[in-house]
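# structure of the sequence below:
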Amino acid sequence: MEKTILRGMLMLALLWLPFTFRGRGSKDSAIAFFFTGYIASFLSRLVIHSGKVKHPVRLLPAYFRTNIVYEYLILPLITVWFNKTTKRSTLPMIIFQSFLYSAVHTIIERILEQKTNFIKWKDWSAFDTFFSISLTLVSSRGFVAMFSNLTQKR
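Alright, predicted model coming up:
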């Protein structure tokens, strides 16, 4: 059943991709998407190898110890949406929105940790998830803003 849910999540994420990158700001969206995928894969590898988190059910388990659907599609999509909703926000509002996004994300991850085999925590907590997602969202937003400012000055 969990493999079916994972495949459904993959299909849903793939369906969201074209709608996420439509319209203005597609360059910024692409930067946020790929930056987050890179950061997520790097950090996830550290957390997985330290034994704090496991992904018992995942796609391509012979090749990956992490959940690639989450790292390379779901979290980057969430980050793009976050970047779009904070495009004209002040720093306090960006941080506030990152906390909102992270709170929802943490609640969903906690439910998945308790009810499924998608993720298992050992020496990891909801606070760790909340903090790491908040930091990822804000750093991605900062990276996109910095990159946009550099390219506009040229």
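
# excluding its backbone neighbours, what's nearest residue 73?
Once flanking residues are discounted, residue 73 sits nearest to residue 13: 4.0 Å by Cβ to Cβ, 6 or more residues apart in numbering. The way it works is simple: take the backbone N, C-alpha and C, and place the C-beta from them, glycine included.

# which element is the one you found on?
helix 2-20 (DSSP states H and E).

# okay, now the residue nearest to residue 40 when sequence neighbours are not counted: neighbour count?
Spatial nearest neighbour of residue 40, excluding adjacent residues (Cβ to Cβ, 6+ apart): residue 71 at 4.3 Å. Counted with other Cβ atoms under 10 Å, residues neighbouring residue 71 total 23.

# got the phi and psi for residue 71?
Here is the backbone geometry of residue 71 (degrees, to the nearest 10): phi -70, psi -40.

# residue contacts, residue 137?
Contacts here follow Cβ atoms under 8 Å, 6 or more residues apart in numbering; on that basis residue 137 touches 78-79, 82, 98, 101-102.

# pull the distance from the lengthiest helix in the chain to the chain's centre.
The longest helix of the chain (DSSP state H) is helix 126-152. Distance of helix 126-152 from the chain centroid (Cα atoms, centre = their mean, to the nearest Å) equals 11 Å.

# number the chain from 10, please
Fine by me, first position is 10 from now on; the one you just mentioned is helix 135-161.

# quick one: mean pLDDT for it?
For helix 135-161, the mean pLDDT works out to 94.

# list the buried ones in it?
Buried positions in helix 135-161, judged by neighbour count with 16 or more other Cβ atoms under 10 Å: 138-139, 141-143, 145-147, 149-150, 152-153.

# what's the answer for stretch 20-31, then?
Counting neighbours by 16+ other Cβ under 10 Å, stretch 20-31 gives 22, 29 as buried.

# outside of it, which residues touch it?
Contacts of stretch 20-31 (Cβ under 8 Å, 6+ apart): 38-39, 42, 78, 82-83, 86, 89-90.

# can you tell me which of these are in helices?
Mapping these onto helices (DSSP H) picks out 38-39, 42, 78, 86, 89-90.

# low pLDDT regions in the chain?
162-163 (pLDDT under 70).

# among the contacts of residue 146, which one has the most neighbours?
Busiest of the contacts of residue 146 [other Cβ under 10 Å] is residue 88, holding 27 neighbours.

# please name the residues that touch that residue.
Taking Cβ under 8 Å, 6+ apart, we find residue 88 in contact with 41-42, 44-45, 145-146, 149.

# sounds good, over and out.
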